[in-house]
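Chemist: here's my sequence, what's the structure:
(2 chains)
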Amino acid sequence: MNYTHFPVLSVMGLFLGGFLVEIFGSKNKTVRNIIVMLFTTVSACLMLYLTIPVFGRGEVISYWMGNWEPVGGHAIGIGYEIDGLNMFFVILVVLTYWLSAVYSIKYMEKDRHLGHYYTLFLMLAGSVLGLVCTGDIFNLYVMVEIMTFAAVALTAFRNKKGSNLEAAFKYLVIGSVGSGFTLTGITLLYMQFHTLNMAQLASLVSGNMTPVSVLALSFMFIGFGVKSFIVPFHTPAADAYMSAPTSISMVFSGMVNKAGVYGMIRLLYMVFRVIDKSAIQIVVVVFGAVTMFIGVTMALAQHDFKRLLAFHSISQIGYVITAIGLCSLMGMTSGLFHAMNHTLFKGLLFLCAGAVLYATGTTDLDKLGGLSKKMPKTTICFLIGAFSISGLPPFNGFASKWMIYQAVYEKAVVTGNFFYTFVTVTAVVVSVMTLASFIKVTQAVFFGQAPKNLANTKEVPFSMRLPMWIMSALCLFGGVFYRLIGRYLLIPAGQAAFNITNYIDAMLGESTAVSASVTNVSMDLADGFSYWNPIVWLVIFITVLIAVCLVLIMGSGSRGKVLESGKDAAEDGKYSTFFSGEKSEYSHVAGSDLFWGFKHNWRKYFGIMQSVHSGNINDYSLMTVICSALIVIVFTVIFI
Amino acid sequence: MTGFFDIIENIIKALVFPGLLFATIGGLILAGFDRKVIARMQRRVGPPILQPTYDFFKLAGKETIVPHAANKPVYLAAPFVGYVSLIVMMTLIPIGGYSAFSGKADLIVILYLLTIPAVALIVGGSASGSPYAGIGVSREMVTMMAYELPLIIVFLAVARLVGGSSLEFSLQYINAWQVANGPVISHLAMIPAALAMLLVIPAEVGTQPFDVAEAETEICEGPLVEYSGLPLGMFKLNTAVKMFVMTSLFSALFLGGIYNGIHTGVTLWGIHFLDIIIRAIIHFAISLVVTLICMTTVHAVTARLKIEHLFKFYWTVVTGLALISLILVWIGL
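Modeler: Model (predicted):
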């Protein structure tokens, strides 16, 4: 079977599906669902088939569109190329859009103009898939543009509310600034090297950082920074994630900002290969650390479920950026692992938020409460997601965060730079704050007492719960069997990110990569995986649990009974919550001021943050442009 | 047959020593001493040493009421999850230099495993649906944010001292290093870190003056307000076991190499039984002393803090102490 056609077929298929669904499916619900599920499933299967040659046999798949192969080592046509790193992101992308498509069927059924929705959805899916497959930097820019505009339109999809349009407008403006920077950077590169092929650029640019190249690098860094919503370019993210339908919020956090991360990796590790300069590493790690810290502290101050999740997305991307900035195999694998886990648990959490919105009609933390009795399955999924993102063992968030701490600390020890120790401490503290803000959601939404107007809330339908269960299972699997994932997925992908020679050779033929040297990094990862064995922990846990249960069962003769209130027992004082003898009444501790003791000490910081996040697009644009100018200055100073 | 004996040995490790039985009994006795000594400091007679044990069995015999607003499975499971994860913690910490499974987890894993009992308390309290529990949950979480920062800095300081240039975080390795180079606390630069750790222990366990989350006099024991019967007893037991786990962690981190001279040579089925028993007794004695220093005395002479003062105290004074050690170690003192 000639599988080299699969990437382009998948991307084309998704775009084609986008048009077909508008033509045939805008009236008939069944036709529409069939078209969407057919195209997403087929493209996902085609792409997943490629794991066999790429991860199984270590091949690099390259494909020249229209058979425009390079002449004399000079690339002319558009090439698609898939090595381990691309394949890793491809897996994230297909997983995200497939699960989101399944979830959309029920979740979106109350909306109108669903033909438009699915057109945009498939365009978004196709563009991100194309972005992580392409080997041509201008094609990458085109995909970034399609992605941005599909994302903007989807943000404004529920356009009855003015705030949704405002969010889309913010995304449009900041996103366009980012795209503009990317395009300028690409233009500057093309001007110098007369090629747009990433492999060829990589072999030409390396060790050849002219001032114009530095400018191109900083512009493209800004561009991908905007796409992955790192601080200070995170401003449109919160509004966009909140306003978009939840199935789309999940896609945003699952693959749209991962596309930015992918671009960042290719930019820093391959095209310019500047990551081995320690100053660049520090700049990237600073961006990552600031992003994770500001993201999580802003999340602590939020009153809306989805907005809170949006700020956590920013924060978790900070972890990923920190890890990839370390330029070590441990850092790269842990960063990729965290990116993957973020796709899983944040997708899960967004789906839970969507389920709450579907069931109750609101995501305001102050108006919800006591849903765990009405929606027990959603509650369990939410708790798994919350424990994963806060890094509690044995869930997947813990495994990847723990690897990131080790990678950062290893960097601190190897370089003797105290700054990296500081980053390790920041990462741990951010993790605790993440836990705090999810405890807030747990208390405010799922536990506590239900307000009167939510008395008739029902559990969401099965087709919405299915993606949630799949993701929960993957969260647990990833945490317990992280060594397996590491061996078969992460290490090949991480090594591919460093193995540039391989990438260039596969694209342009055997002999062209003479000038390209692999970044000098140890490819051995024995230490990183040795000190945490979740399986042993689980086995001891279960052994002790069984023993405790046996003791309880044997001692049950002398033990008191478990008494529970019946149907009409709400009146019985014995089962009402404790009110010092007063009659029980509705009293729920809502989310807004749960961490007063913390916020009080940090009131000055939160005051500053509030004034920075003014919600005014003029301020945001100004901030973006000023920070971009600073980045250009910093990069120039580093290289000159 | 060796495989079979390995399984038996591991089950004994998990259930008898240093797991379930040892941790539970040790914790209950520590809690008894704690109450007795506080009473003596306050010129009371105090309860018998076994009072916490009696309390547990008394509570186990009472009926358990699930409030109407509570989520039953989470409400009932939380105390048991917390208890079991504490027991597993105990098997990962070297007891008297004897490590059962401690090569299987490093310091950062320990840090995160320590959060599970706290999260169990928080989630259980939250699931009860009471507003008092809601306030208690909030305070418990802020306390956790407060002590986690100094704790990670203490851990990094120890890891830096022990690891030198390589990456070694495992408690087993730290123990081996202390056997070779003397206890960590004998290095002057580590004394502030040890002090910081001593201050973290009462907040982690939740004793006065850091018991804001369970303040009986104002929010009726916070997360525990709705609990009754066996689950309440389990949470009380968790506090007792947590005392033992935290003090054991302290002695594993800072007092590791002091068992060097203990070799009786008495063996039974190839295991140095007498050594292990003597070491376990010494270990328990150290835990007792640490408890008396950092929990009992402090409890007897202080009154409860407000939550914002607690947070400030940990992020300034205690973090400062830990940071001094980290910087001193980093520059090679």
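
Chemist: measure the closest residue to residue B:85 other than its chain neighbours to residue B:310 for me?
Modeler: Among residues not flanking residue B:85 along the chain, residue B:116 sits closest, at 4.2 Å (C-beta to C-beta, 6 or more residues apart in numbering or on different chains). In short, each C-beta sits where N, CA and C put it, glycine included. Computed with C-beta to C-beta, to the nearest Å, the distance linking residue B:116 and residue B:310 is 22 Å.

Chemist: picking up where we left off before, residue contacts, the residue nearest to residue B:85?
Modeler: Residues in contact with residue B:116 (C-beta atoms under 8 Å, 6 or more residues apart in numbering or on different chains) are A:392, A:393, B:81, B:82, B:85.

Chemist: and of these, the nearest to residue B:111?
Modeler: residue A:393 (10.3 Å; C-beta to C-beta).

Chemist: what helix or strand does the spatially closest residue to residue B:47 that is not a sequence neighbour sit in?
Modeler: In space, residue B:47 comes closest to residue B:35 once its chain neighbours are excluded; the distance is 5.7 Å by C-beta to C-beta, 6+ apart. Using DSSP states H and E, residue B:35 falls within helix B:20-41.

Chemist: before we move on, what about residue A:30?
Modeler: helix A:29-49.

Chemist: how about residue B:235?
Modeler: Counting by DSSP H and E, residue B:235 is found in helix B:229-254.

Chemist: same question for that helix, mean pLDDT?
Modeler: When pLDDT is averaged along helix B:229-254, the result is 87.

Chemist: if you look at the longest helix seen in chain B, does any of it touch chain A?
Modeler: Looking across chain B with DSSP state H, the single longest helix is helix B:131-163. Yes - using C-beta under 8 Å from any C-beta of the partner chain, helix B:131-163 comes into contact with chain A via B:131-132, B:134-135, B:137-139, B:141-142, B:144-145, B:148-149, B:152-153, B:156, B:159-160, B:163.

Chemist: mind listing the helices in the stretch 51-200 of chain A by residue range?
Modeler: Assigned by DSSP state H, counting those that start in this stretch, the helices in the stretch 51-200 of chain A fall at A:51, A:84-107, A:114-133, A:137-155, A:162-193, A:198-205.

Chemist: nearest residue to residue 305 other than its sequence neighbours?
Modeler: Using chain A. Residue A:305 sits nearest to residue A:363 (C-beta to C-beta, 6+ apart), 3.9 Å away.

Chemist: correction: the question concerned chain B.
Modeler: residue B:209 (5.0 Å).

Chemist: checking that neighbour next. Helix, strand or coil?
Modeler: Residue B:209 falls in the coil class when you classify it by DSSP: H, G, I helix; E, B strand; the rest coil.

Chemist: mind checking pLDDT for it?
Modeler: 83.

Chemist: let me know whether it touches residue B:304 as I believe.
Modeler: Yes - judged on C-beta atoms under 8 Å, residue B:209 makes contact with residue B:304 at a distance of 5.2 Å.

Chemist: kindly format the C-alpha coordinates of stretch B:274-292 as PDB.
Modeler: Extracted as PDB, the C-alpha positions of stretch B:274-292 are listed here (Å, rounded to 0.1, in the frame of the first residue of the first chain):
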ATOM      1  CA  LEU B 274      16.800  -7.800  65.700                       C
ATOM      2  CA  ASP B 275      18.400  -5.000  63.700                       C
ATOM      3  CA  ILE B 276      15.100  -4.000  62.100                       C
ATOM      4  CA  ILE B 277      13.300  -4.100  65.400                       C
ATOM      5  CA  ILE B 278      15.900  -2.000  67.200                       C
ATOM      6  CA  ARG B 279      16.000   0.500  64.300                       C
ATOM      7  CA  ALA B 280      12.300   0.700  64.200                       C
ATOM      8  CA  ILE B 281      12.200   1.500  67.900                       C
ATOM      9  CA  ILE B 282      14.900   4.100  67.600                       C
ATOM     10  CA  HIS B 283      13.000   5.500  64.600                       C
ATOM     11  CA  PHE B 284       9.800   5.700  66.600                       C
ATOM     12  CA  ALA B 285      11.700   7.500  69.500                       C
ATOM     13  CA  ILE B 286      13.000  10.100  67.000                       C
ATOM     14  CA  SER B 287       9.500  10.600  65.700                       C
ATOM     15  CA  LEU B 288       8.300  11.100  69.200                       C
ATOM     16  CA  VAL B 289      10.900  13.700  70.000                       C
ATOM     17  CA  VAL B 290      10.200  15.500  66.700                       C
ATOM     18  CA  THR B 291       6.500  15.500  67.500                       C
ATOM     19  CA  LEU B 292       7.100  16.900  70.900                       C
END
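
Chemist: angle of the strand or helix carrying residue B:81 against helix B:20-41?
Modeler: When elements are assigned from DSSP H and E, residue B:81 belongs to helix B:72-92. Relative orientation of helix B:72-92 versus helix B:20-41 (axes from the mean of the first three to the mean of the last three C-alpha atoms, to 10 degrees): 90 degrees.

Chemist: I'd like the distance between the residue of the stretch 101-250 of chain B found nearest chain A and residue A:449.
Modeler: Closest to chain A within the stretch 101-250 of chain B is residue B:134: 2.8 Å, counting by C-beta to the nearest C-beta. For residue B:134, the distance to residue A:449 equals 9 Å [C-beta to C-beta].

Chemist: report the contact partners of the residue nearest to residue B:305.
Modeler: B:202, B:298, B:299, B:302, B:303, B:304, B:305.

Chemist: list the contacts for the residue nearest to the spatial centre of chain B?
Modeler: Note on chain B: the residue nearest the mean C-alpha position is residue B:246, at 2.5 Å, using C-alpha atoms, centre = their mean. By C-beta under 8 Å, 6+ apart, residue B:246 lies in contact with B:201, B:204, B:205.

Chemist: what about residue 315, neighbour count?
Modeler: No chain specified, so I'll use chain A. Look at residue A:315: counted by other C-beta atoms under 10 Å in any protein chain shown, it has 27 neighbours.

Chemist: wrong one, chain B
Modeler: 19.

Chemist: mind listing what's buried along the helix or strand where residue A:477 lies?
Modeler: In this assignment (DSSP H and E), residue A:477 forms part of helix A:462-480. Buried residues in helix A:462-480, counted by 16 or more other C-beta atoms under 10 Å in any protein chain shown: A:464-465, A:467-468, A:470-472, A:474-476, A:478-480.

Chemist: could I get these as CSV with pLDDT and distance to residue A:637?
Modeler: Listed next are these as CSV, based on pLDDT from 0 to 100; distance: C-beta to C-beta, whole Å:
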residue, pLDDT, distance to residue A:637
A:464, 79, 51
A:465, 82, 53
A:467, 83, 47
A:468, 86, 48
A:470, 86, 48
A:471, 87, 44
A:472, 90, 47
A:474, 88, 44
A:475, 87, 42
A:476, 87, 47
A:478, 84, 40
A:479, 83, 42
A:480, 83, 46
